[in-house]
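Visitor: for reference, the sequence and a predicted model appear below.
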Amino acid sequence: DAGVTQSPTHLIKTRGQQVTLRCSPISGHKSVSWYQQVLGQGPQFIFQYYEKEERGRGNFPDRFSARQFPNYSSELNVNALLLGDSALYLCASSLGRQNTEAFFGQGTRLTVV
Amino acid sequence: SQQGEEDPQALSIQEGENATMNCSYKTSINNLQWYRQNSGRGLVHLILIRSNEREKHSGRLRVTLDTSKKSSSLLITASRAADTASYFCATDPSGNTPLVFGKGTRLSVIA
């Protein structure tokens, strides 16, 4: 079975631009969460979607948005990019909404210049 | 904000030695999980311990949980060079809220 897949793996954007990151969860998993990991820090929670509805949102500005599609894949959008948005963006899927074991993708490395 | 704090921030040991990492957290939890991350890529789930458990084993891993002290430890026995990675604890406050990760411990195992 394929694990969690994220695309693209690397991305370079200019300040002020917009970016869309994509995530495909493990087949059968209905919950997708997004995390931002700045170098040297642990992952910070951005969003959780379960059954296509937003179930949680972290302390991030409205420039960050996400959605989950009927096939449970997800997109994370970031508008008006700032230098501080440079980070590794991680997607995690899990079977249900409860926090048991989360399966992470390899992440998207976003660099804002 | 990050609830968990791992200690030490970095640890360097020889192959074959045991590695112990600690995690302290601030609020009550439903469960606590440990993850490994290689070279800044995806995280891999290692073990989950529930709030009513005190100790759990998985292969060379041993995790303890002391809810009265709000702390957990991860012991890796007979370490190998392949164990070189960053290790994070993640707390689940209620079962329906997002996992809260610490800053991690960077483990280097020298062959």
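Guide: Looks like it arrived, so ask away.

Visitor: so how many other residues sit close to the closest residue to chain B within chain A?
Guide: Scanning chain A for proximity to chain B using CB to the nearest CB identifies residue A:42 as nearest, at 3.6 Å. To be clear about C-beta, it is placed using only N, CA and C from the backbone, and glycine gets the same treatment. A count of nearby residues for residue A:42, using other CB atoms under 10 Å in any protein chain shown, gives 25.

Visitor: that one against residue B:103, yeah?
Guide: Yes: Residue A:42 lies in contact with residue B:103 (CB atoms under 8 Å); the separation is 5.0 Å.

Visitor: give me the distance between residue B:45 and residue A:61.
Guide: The gap separating residue B:45 from residue A:61 is 29 Å, by CB to CB, to the nearest Å.

Visitor: what do you get for residue B:48?
Guide: Applying CB to CB, the value for residue B:48 to residue A:61 is 32 Å.

Visitor: the more surrounded of these two?
Guide: Counted by other CB under 10 Å, residue B:48 and residue A:61 do not tie: residue B:48 has more neighbours, with 19 against 10.

Visitor: look at that one and give its secondary structure.
Guide: The three-state label given to residue B:48 by DSSP: H, G, I helix; E, B strand; the rest coil is strand.

Visitor: in the sheet, who's paired with it?
Guide: With DSSP bridges as the criterion, residue B:48 is bridged to residue B:33.

Visitor: again, but for residue A:37
Guide: According to DSSP bridges, the partner residues bridging residue A:37 are residue A:88.

Visitor: looking at it, it is touching residue A:87, isn't it?
Guide: Yes: Residue A:37 lies in contact with residue A:87 (CB under 8 Å); the separation is 5.8 Å.

Visitor: what about residue 10, how many residues nearby?
Guide: All of this is about chain A. By the criterion of other CB under 10 Å, residue A:10 has 9 neighbours.

Visitor: wait, chain B
Guide: By other CB under 10 Å, neighbour count at residue B:10 equals 10.

Visitor: in terms of secondary structure, what does the helix or strand that contains residue A:109 contact?
Guide: Following DSSP states H and E, one finds residue A:109 within strand A:108-112. On a contact count with 3 or more CB pairs under 8 Å, 6 or more residues apart in numbering or on different chains; DSSP states H and E, strand A:108-112 meets strand A:10-13, strand A:19-24, strand A:87-94.
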